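Undergrad: Need coordinates for the following:
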Amino acid sequence: MIFSEARDLPGNVMMEQAVQAEMLAHSTNQIEFFTESLDANRFPNASYYREFENYLKNKYTGQNLDLVMEFMGRDFTLADELPLSVVSNLPAVFVAVSELDVPGTLGQHPFTGIVQRFDIQGTIKFIFQLQPETRRVVVVGGISKTDQIALDRIKEAAASLNGVKFEFWTNRPMAEIRAGLASLPEDRVVLLSPVQRDVTGQPFYTAEVAEMLSRSASVPVYVLGAGLIGSGALGGSVVNNESLGTSAGKLATQALAGIPISRLPVEVRTNGTLMVDWRALERWNIKQSRLPVGCVVRYRPHSLWEEHRALILFIGAVLLAQAITIAALLVQRRSRRRAEAEIQLQRTELAHVARVSTMGQLSSALTHELNQPLGAILRNTEAAEIFLQSGGSNLEEVRAILTDIHRDVSRAGNVVDRMRTLFKRRSLVSSRWDLGELVQDTVALARPDAAARQIKLSVQIAPRLPAAQGDRVHLQQVLLNLILNGMDAMDTLPRSRRSLVVRVGEAADGKLQVAVSDQGTGVAPADTAHIFEPFFTTKPNGMGMGLAISRTIIEAHGGDIRMESNEHGGTTFTFTLPRMQQEKAKDGDLPATP
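TA: I've put the predicted structure just below:
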């Protein structure tokens, strides 16, 4: 691969990369590339060219070369004069970006190639698409033979346009041109034609001229080659060096595959690619809506979406999945809470039914309990009436009768209050209370029934117990259920053995503890594991809900309930409750019961 100009020029770099990519992609063999550059624009003298010939001859003589590719930027000198001693009869593929005609002398050895012309008409049309307000085009070019041919083509294209003037700045030194472009009016643009030498004879590369003028010009600079995009120029219908290199690579691949060069004719084309520099569009405030369809925009900053589309889609999918999962969990949580509230309501209703059922079992005993104070009140009022009718004036006797009546009314009222409290429908309400007092009140409700059954009912309460916390009524229900169960278990025993004890104290772990022990028939070992299950009962007429409800209430208070068989017969049901923390007992700030 031999370049007539510097190999590191942007256009040459693009072509070389495109050629190698195309050949490597479509060849089944390993390809080794050698690259040389003449830099003829900087060193145009004949002696240097002869030295370059000798260099190539010495370096590649004896090498097993299969193909020569020649990249020409000025003219066809490289392909025409390269000595046969260097390339021998190797097939050659050339690429020339030039306005010159292909010389007939190239036929000294097999060759084919591509001659790329500038799309001058397309670039001028593109100028007025982007800037329709343009009234004058300043054309900057060089004075070399190839420079003049390009300028002549621009003049031909300009002659067909009406209302627009073209100024050709070719008779000025490049420094003067640069200064003049810095003060152009807004209705002008600059069209940069190829520049190899200015009027002073100083050699230039068009790429460096484009960069120099674009920085200082007060108006946009349009160019004819894609290698100049990125120098600050705006754009044009440019020679696409990448596309050109790809086409040359296809020709080279066919030649290496053994297709005769004579069957691969030289292609001359004038196609251009519409291309702009996004940064220059922003600099000159040109609307992107004016860009024609298919225009290539280079150096446009990639958006976050363009750079990380796959990652963003992945993160979006993960976040969407998380959102769906969270929404599903929230819906599930809401449904669960509704279900828990419904279950809690049903438990409350069931507990109320159980309390009513328990009070029903005590109805006869409680009736007797009420009859005693009511009968005493009746007898005392009759005695007072007889005493008053007899005209007695002993006030002490009257005072004693009234005291008895007051005591009996209080006794009856307490019985009614306890019954009314247990009959109320209510949910768990946490409060602070004395556990010993609660046990005494509950035992007082059951004592009439115990007396009717001839059962000895006793209470043992440890002194100085800490305050308890929870729902008083529900815990009374638990204790009353355990007492009645214990009395039911002793119905078949002799009267002398009927004894039930309620003990209140502190457990080893510091919790408050209530134990109800009876001397009944006990529970069969096979039934022990099921005793607290709903609808399990050992009574002939039992529903099997009392102990299940009791366990639910105790666990809701943070305690536990268990059953043990006594050594000498009977069972003991024990439940524990958390004691109130001392600091909370002082403040009276009671947490809600779970």
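Undergrad: What strand or helix carries Ala233?
TA: Per DSSP states H and E: Ala233 is located in neither a helix nor a strand.
Undergrad: Then Ile124?
TA: Taking DSSP H and E as the definition, one finds Ile124 inside helix 120-130.
Undergrad: That helix packs against which elements?
TA: Counting contacts by 3 or more Cβ pairs under 8 Å, 6 or more residues apart in numbering; DSSP states H and E, helix 120-130 is packed against helix 145-159, strand 188-192, strand 221-222, strand 235-238, strand 273-277. Backbone N, C-alpha and C define where each C-beta goes, glycine included.
Undergrad: what is the orientation angle of it with strand 188-192?
TA: Between helix 120-130 and strand 188-192, the angle comes out at 150 degrees (axes from the mean of the first three to the mean of the last three Cα atoms, to 10 degrees).
Undergrad: And the next helix or strand past helix 120-130?
TA: strand 136-140.
Undergrad: Switch the helices and strands packed on helix 120-130 over to JSON lines; also include mean neighbour count, distance to Val115 and mean pLDDT.
TA: Below are the helices and strands packed on helix 120-130 laid out as JSON lines (neighbours: other Cβ atoms under 10 Å; distance: least, Cβ to Cβ, whole Å; pLDDT from 0 to 100):
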{"stretch": "helix 145-159", "mean neighbour count": "16", "distance to Val115": "12", "mean pLDDT": "91"}
{"stretch": "strand 188-192", "mean neighbour count": "24", "distance to Val115": "21", "mean pLDDT": "96"}
{"stretch": "strand 221-222", "mean neighbour count": "28", "distance to Val115": "23", "mean pLDDT": "97"}
{"stretch": "strand 235-238", "mean neighbour count": "28", "distance to Val115": "16", "mean pLDDT": "96"}
{"stretch": "strand 273-277", "mean neighbour count": "23", "distance to Val115": "17", "mean pLDDT": "96"}
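Undergrad: who wins for proximity to Arg453 among these?
TA: Nearest of these to Arg453, taken as Cβ to Cβ: strand 273-277 at 106.5 Å.
Undergrad: Go ahead and name everything in contact with the closest one.
TA: Strand 273-277 is contacted by residues 122, 126, 130, 226, 229-230, 232-240, 243, 291-292, 294-299 when judged by Cβ atoms under 8 Å, 6 or more residues apart in numbering.
Undergrad: go again using 7 Å as the cut-off
TA: For strand 273-277, the surrounding residues in contact (Cβ atoms under 7 Å, 6 or more residues apart in numbering) are 126, 226, 229-230, 233-235, 237-238, 240, 243, 291-292, 294-299.
Undergrad: Would you map the helices across the stretch 251-400 of the chain?
TA: 278-283, 304-307, 309-361, 363-389, 395-423 (DSSP state H, counting those that start in this stretch).
Undergrad: Going by neighbour count, list what's buried in the first one.
TA: Buried positions in helix 278-283, judged by neighbour count with 16 or more other Cβ atoms under 10 Å: 280-281.
Undergrad: for it, what is the average pLDDT?
TA: The pLDDT scores in helix 278-283 average 94.
Undergrad: how far does it sit from the chain's center?
TA: In this view, helix 278-283 has its centroid 35 Å away from the chain centroid, taken as Cα atoms, centre = their mean, to the nearest Å.
Undergrad: Check which helices and strands that helix sits against.
TA: Helix 278-283 sits against no helix or strand, with contacts defined as 3 or more Cβ pairs under 7 Å, 6 or more residues apart in numbering; DSSP states H and E.
Undergrad: before we move on, the earlier item: could you pull up the mean pLDDT of the helix holding Ile124?
TA: On average, the pLDDT along helix 120-130 is 95.
Undergrad: same check, this time on stretch 324-343
TA: According to the model, stretch 324-343 has a mean pLDDT of 88.
Undergrad: name the element the spatially closest residue to Phe535 that is not a sequence neighbour belongs to?
TA: Leaving aside its sequence neighbours, Phe535 sits nearest to Gly544 (Cβ to Cβ, 6 or more residues apart in numbering; 4.1 Å). Using DSSP H and E, Gly544 sits within no helix or strand.
Undergrad: re earlier: take the helices and strands packed on helix 120-130 and write them to TSV, including distance to Arg50.
TA: Converted to TSV, those look like this (distance: least, Cβ to Cβ, whole Å):
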stretch	distance to Arg50
helix 145-159	22
strand 188-192	34
strand 221-222	38
strand 235-238	35
strand 273-277	38
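Undergrad: Which one of the ones you listed lies nearest to Val138?
TA: Nearest of the helices and strands packed on helix 120-130 (Cβ to Cβ): strand 188-192, 5.0 Å.
Undergrad: Which strands border that closest one, and is each parallel or antiparallel?
TA: strand 136-140 (parallel), strand 221-222 (parallel) (DSSP bridges).
Undergrad: residues in contact with the last one?
TA: For strand 221-222, the external contacting residues (Cβ under 7 Å, 6+ apart) are 123, 127, 189-192, 210, 213-214, 233-236.
Undergrad: Doesn't Leu65 lie inside a helix?
TA: No: with DSSP: H, G, I helix; E, B strand; the rest coil as the criterion, Leu65 is located in coil rather than a helix.
Undergrad: ok, the residue nearest to Phe535 - contacts?
TA: 534-537 are the contacts of Gly544 under Cβ under 7 Å, 6+ apart.
Undergrad: what does Gly230 give?
TA: Counting by Cβ under 7 Å, 6+ apart, Gly230 touches 10, 277, 298-299.
Undergrad: Over to Met23?
TA: By Cβ under 7 Å, 6+ apart, the residues touching Met23 are 31, 249, 252-253.
Undergrad: How about Arg42?
TA: Counting by Cβ under 7 Å, 6+ apart, the residues that Arg42 touches are Pro203.
Undergrad: per-residue confidence for it?
TA: We note a pLDDT of 78 for Arg42 in this prediction.
Undergrad: before we move on, what about Ser85?
TA: Per-residue pLDDT puts Ser85 at 54.
Undergrad: Determine the three-state secondary structure at the nearest residue to Val443 once chain neighbours are set aside.
TA: Leaving aside its chain neighbours, Val443 sits nearest to Val459 (5.4 Å; criterion: Cβ to Cβ, 6+ apart). Under the three-state scheme (three-state DSSP), Val459 adopts strand.
Undergrad: Is Val459 bridged to anything, and to what?
TA: Val502.
Undergrad: For it, the count of nearby residues, please.
TA: Val459 has 16 neighbours, counted by other Cβ atoms under 10 Å.
Undergrad: rewinding a little: just the buried residues of the contacts of Gly230.
TA: 10, 277.
Undergrad: Show me the contacts of Gly230 that map onto strands.
TA: Applying DSSP state E to the contacts of Gly230, the entries found in strands are 277, 298.
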